[in-house]
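[1] Here is my input; please provide its structure:
(one chain, ligands or ions: 1)
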Amino acid sequence: MEDDMGTNLSLNLIPDDILSTSSAWKKEKVFGDRRSRLKQRKELRRQKEDAAKSDSCGINYTREKRKHEDTSDNDAEASVGNKTAKTVSNHKDGAKRAKGIVISSLFRKNPEVPVISNAEVETVQENVFTGDTFKELPLHQYLISNLEEKQGFKQLTEVQKRTIPVLLQGKDALVKSQTGSGKTLAYAVPVVQFLQSRKLKVRRSDGPYALIIVPTRELALQSYDLFQKLLRSFVWIVAGCLMGGEKRKAEKSRLRKGVNVLVATPGRLMDHINTTGVLSLARVQWLVIDEADRLLELGYEKDVAQIINALKAQCPDPPQTVLLSATLSQGVERLSSITLSNPVHVNVSDHSALLPAETGTVSSSSLSLAGKATSDVESFSLPSQLKQHFLITPCKLRLVLLAGLILWKCKYSKPCSKMIVFLSTQDSVEFHAQLFAQVLGCQRSIQKKLSELASGVEADVGESDENDDEYEDEKNRSDKEGDELRNTEKMKKQGLQVFKLHGDMNQKDRSKTFQDFTTTSSGVLLCTDVAARGLDLPHVDWIVQYTSPGATVDYIHRVGRTARAGSLGHSLLFLMPSEVEYVAELNRYKISLTKFEQSSILRCLLQNISDLPKPTSSTSGLQTPRTLEEAATYLQDRFEDCIIDKKLMHGLAAKGFQSYIRAYATYSKDVKDIFKVSNLHLGHVAKSFALREAPAQIQGIKAKFSSLSTVGGANKYKRKREDFPSKRPLSFKQATLSEYSSGFQQTQVKKVMAKPGGKMKAKLKVKKHTNKKK
Ligand SMILES: Nc1ncnc2c1ncn2[C@@H]1O[C@H](COP(=O)(O)OP(=O)(O)OP(=O)(O)O)[C@@H](O)[C@H]1O
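    Here you go, the predicted structure:
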């Protein structure tokens, strides 16, 4: 390694085999002189002649009217898989190339989009509602009136109808039912019923009677919130929440006062068991493990085992235990064997009656009753009112199509939708959130004002960019309009609301995003898989998987954030031509998707093109798009304008680009053949991050960014350890920022200092506990 912070680091973090072929990348510079405008006019003429031509994606398009059209072929040479890269000839201005800036056409040199037929897939169906009411259950009348009148739950869902009576009888249960089917209430109602009906009235100082363990902080807050609502009629019973990111001291004092229903993430709970003497588990009579398979995937198995040991040591009688998830993995077998005694298996997609296990432990055959189909491939049930789509698009067009879809659904549709977009890494979320907020969001000054109002601190949009005169002018203008802008609601109506959520945000910001996105009526949440499980965000209309999840269980949980409790929902999976096999892979699990046409997104974009920011004089280009391709190019130009000359945005784009590639290299072996990193065309990936630089030069941007980190407003983005590793061996977490492969998984990292005096190489052996099919 040449330099710990230096120029070669980004190379080190991207697998060598990828970079080796990208060195042939050719360079070009943007120039906006008269000659280019003449060329552009000439292009316009040529375009008319080519009007009938259609592109590889099936869209009728005319030749692109970009001022640098003839420079566009260079990107072909960054192909990773295709090692037959050619050198670019015929370029008229070698000096400009040397600057390393490339503007490539969105519609040229794209791989062909394979035609795939929609397979007829017989899906697994589950009923959501039953027609039965809570009145039919032996529950306290206050609890019933709370559920029916205050919460508005008129009918029992299928999983509630099957689970609540079992739990009221004091049995252990292993529960599997589709996302959004009401599993939380299925365990919360019996716990509350049990606690309020105790002959010896529960006292706060008794400490916990019920432990609820969940994998994420948001889910902990959500379950805690539900218990608080249910306990309103029984005010002597107190619920509490423990989770990472909160102050331990405050939690300790809450525990000292007494908490009867304790909702916790496993790490933090174990922490308190070890360090908070006042926390006694002696009275615990309920243990609920929600999203059991995710807890195991995240590597919490040890914590959960320790909690169970602590319970064994402190409780005279083993607590009644419930394990729940929409998907139950093989790992749950181990967990259930140590936690459940004579469990009842509630599998809602299995239409046979409830099946008690034959023995106290759960054998693999009995586990199959709880989740595994009898065939060697598991099948999953998804809400029937969920419409699932996939979009096959060349890599270069991904950014524009994502933005176009967000605008279409969250801004131009009436009523506007709420959308969640899943991305693979935290850096990618950071970049896209900033980019969309700046280019598509509220007027930037409004966005800034909004976030100031929301957080009470200076917002960071464009903050440190000394070149952003336009922004400063706009800010000054709008500051003068002060009074009007202070009306938050009015401001919100003026633009697209962009939210972000990932595991590297502090707890305050995470909770705030969660709250804001819960209450907003429209907008887009960009997030990592931290939001994929269990979260019940109301009225989400669209789930977009901008990067594929890989494991089918993750696909299930992501799309499960919409179409909840019988409501309608849509999902869209972005795939590149090399990834189309993934549709067949999902079909194998009885998941059926229909094709979505990119032309419909571009059409909406073209219709609303006047709403997009105009090119500035310094970035002159296509002025009035008239075709779908021109509209796409126009928007891509606005994104690239937003990156170029702006160090902060450059840095975010470069980090997003690098982390995307690193995350791409970590797909599990089950789908590795589909998501091959060697299929990635680095030049096209760079384009999808609005970068004009050649991939090999993106490290340069990163170096600039690192120097920025100590200056003024850019402090917020100061270096993270994983981005600038020292000579210490890379941990898995350092080597990949993917939330999806978050480092909690059992992973072997083999680090070698490769060539003497050369680069540091991280060889990852990623062993994923994902959906094993065979
Ligand atoms: N009986 C009911 N009638 C109407 N709505 C209900 C009922 N029970 C639960 N809900 C609502 O359904 C939504 C989903 O519930 P919940 O979050 O418990 O689902 P889940 O099965 O745990 O989903 P996931 O597997 O994604 O965690 C919530 O908004 C909840 O308020």
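
[2] so Pro695 touches His684, yeah?
    No - if you go by CB atoms under 8 Å, Pro695 and His684 don't touch, sitting 9.8 Å apart. Yep, even glycine has a C-beta here, placed from its N, CA and C like the rest.

[3] More neighbours: which of the two?
    Neighbour count, other CB atoms under 10 Å: between Pro695 and His684, Pro695 has more, with 29 against 25.

[4] The ligand versus the more buried one, what's the distance?
    38 Å (CB to the nearest ligand atom, to the nearest Å).

[5] okay, that residue: pLDDT?
    For Pro695, the model assigns a pLDDT of 82.

[6] any idea how far Leu399 is from it?
    Pro695 is 16 Å from Leu399, where distance means CB to CB, to the nearest Å.

[7] quick one: average pLDDT of whichever helix in the chain runs longest?
    Ranked by residue count, the top helix of the chain under DSSP state H comes out as helix 647-664. Averaged across helix 647-664, pLDDT comes to 93.

[8] Which other helices and strands does the helix or strand following it contact?
    Sequence order places helix 682-688 as the next helix or strand after helix 647-664, per DSSP states H and E. If you count contacts as 3 or more CB pairs under 8 Å, 6 or more residues apart in numbering; DSSP states H and E, helix 682-688 packs onto helix 16-22, helix 398-407, helix 647-664.

[9] May I have the second one exported as PDB, CA atoms only?
    The C-alpha coordinates for helix 398-407 follow below in PDB (Å, rounded to 0.1, in the frame of the first residue of the first chain):
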ATOM      1  CA  ARG A 398     -30.400   2.600 -13.700                       C
ATOM      2  CA  LEU A 399     -30.100   6.000 -12.000                       C
ATOM      3  CA  VAL A 400     -32.300   7.800 -14.400                       C
ATOM      4  CA  LEU A 401     -35.000   5.100 -14.300                       C
ATOM      5  CA  LEU A 402     -34.900   5.100 -10.500                       C
ATOM      6  CA  ALA A 403     -35.300   8.800 -10.400                       C
ATOM      7  CA  GLY A 404     -38.000   8.800 -13.000                       C
ATOM      8  CA  LEU A 405     -39.900   6.100 -11.100                       C
ATOM      9  CA  ILE A 406     -39.700   8.100  -7.900                       C
ATOM     10  CA  LEU A 407     -40.900  11.300  -9.600                       C
END
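
[10] Double-check Asp529 against Phe422; I have them as touching.
    Yes - if you go by CB under 8 Å, Asp529 and Phe422 touch, sitting 6.7 Å apart.

[11] Give the residues shared as contacts by those two.
    Pro549, Arg558 (CB atoms under 8 Å, 6 or more residues apart in numbering).

[12] out of these two, which sits in the busier spot?
    Using other CB under 10 Å, the more surrounded residue of Asp529 and Phe422 is Phe422, with 30 against 23.

[13] what is the more buried one paired to in the beta sheet?
    Residues in a beta bridge with Phe422, per DSSP bridges, are Cys527, Gln545.

[14] correct me, but it touches Cys527?
    Yes - contact criterion CB under 8 Å: Phe422 and Cys527 qualify, at 6.4 Å.

[15] ok, the closest residue to the ligand within the stretch 201-350 of the chain - how many residues close by?
    Nearest residue of the stretch 201-350 of the chain to the ligand (CB to the nearest ligand atom) works out as Ala326 at 4.0 Å. Ala326 is flanked by 27 other residues according to other CB under 10 Å.

[16] Glu246 now?
    Residues lying near Glu246 (other CB under 10 Å) number 18.

[17] nearest spatial neighbour of it, skipping sequence neighbours?
    In space, and not counting its chain neighbours, Glu246 is closest to Gln507: 6.3 Å by CB to CB, 6 or more residues apart in numbering.

[18] Isn't the one you found up against Arg217?
    Yes - counting by CB under 8 Å, Gln507 touches Arg217, with 6.7 Å between them.

[19] Give the residue from the two that has the larger number of neighbours.
    Between Gln507 and Arg217, counted using other CB under 10 Å, Arg217 has the larger neighbour count: 22 against 14.

[20] residue contacts, that one?
    Arg217 touches Met243, Gly244, Gly245, Thr265, Gln507, Arg510, Ser511, counting by CB under 8 Å, 6+ apart.

[21] any idea of the pLDDT on the fourth one?
    Think Thr265. Predicted confidence (pLDDT) for Thr265: 94.

[22] neighbours of it, just the number please.
    Using other CB under 10 Å: Thr265 sits among 25 other residues.

[23] And for the second one?
    Burial of Gly244 is recorded as 15 neighbouring residues (other CB under 10 Å).

[24] What distance do you get for the residue lying closest to it once chain neighbours are set aside to Gln388?
    Among residues not flanking Gly244 along the chain, Arg268 sits closest, at 5.0 Å (CB to CB, 6+ apart). Relative to Gln388, Arg268 is positioned 36 Å away (CB to CB).

[25] With Arg232 instead?
    38 Å.

[26] Those two: who's more crowded?
    Just comparing Arg232 and Gln388: by other CB under 10 Å the higher neighbour count belongs to Gln388, 21 against 10.

[27] Skip the chain neighbours and tell me the closest residue to that one.
    Nearest residue to Gln388, sequence neighbours excluded (CB to CB, 6+ apart): Leu593, at 4.4 Å.

[28] ok so, going back, which residues are in contact with each of Gln507 and Arg217?
    Here Gln507 and Arg217 have Met243, Gly244, Gly245 as joint contacts, going by CB under 8 Å, 6+ apart.

[29] Name the strands paired with the helix or strand that contains Gln388 and say parallel or antiparallel.
    Per DSSP H and E: Gln388 is located in strand 386-392. Strand pairing for strand 386-392, using DSSP bridges, gives strand 569-575 (parallel), strand 594-595 (parallel).

[30] Now do His650: how many residues are near it, please.
    By other CB under 10 Å, the residues close to His650 number 23.

[31] Wait, it touches Glu640, no?
    No - counting by CB under 8 Å, His650 sits too far from Glu640 to count as a contact (11.0 Å).

[32] Now list whatever residues contact both of these two.
    Counting by CB under 8 Å, 6+ apart, the residues touching both His650 and Glu640 are Leu691.

[33] got the contact list for the residue lying closest to Leu168 once chain neighbours are set aside?
    Closest residue to Leu168 apart from its sequence neighbours, by CB to CB, 6+ apart: Pro190 at 5.3 Å. Shown in contact with Pro190 (CB under 8 Å, 6+ apart): Thr163, Ile164, Leu167, Leu168.

[34] again, but for Leu296
    Contacts of Leu296 (CB under 8 Å, 6+ apart): Val304, Ser329, Gly331, Val332, Arg334, Leu335, His769.

[35] What's the PyMOL syntax to select whichever of these are buried?
    Under the burial definition 16 or more other CB atoms under 10 Å, those of these that qualify are selected in PyMOL by:
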select buried, resi 304+329+331+332+335+769
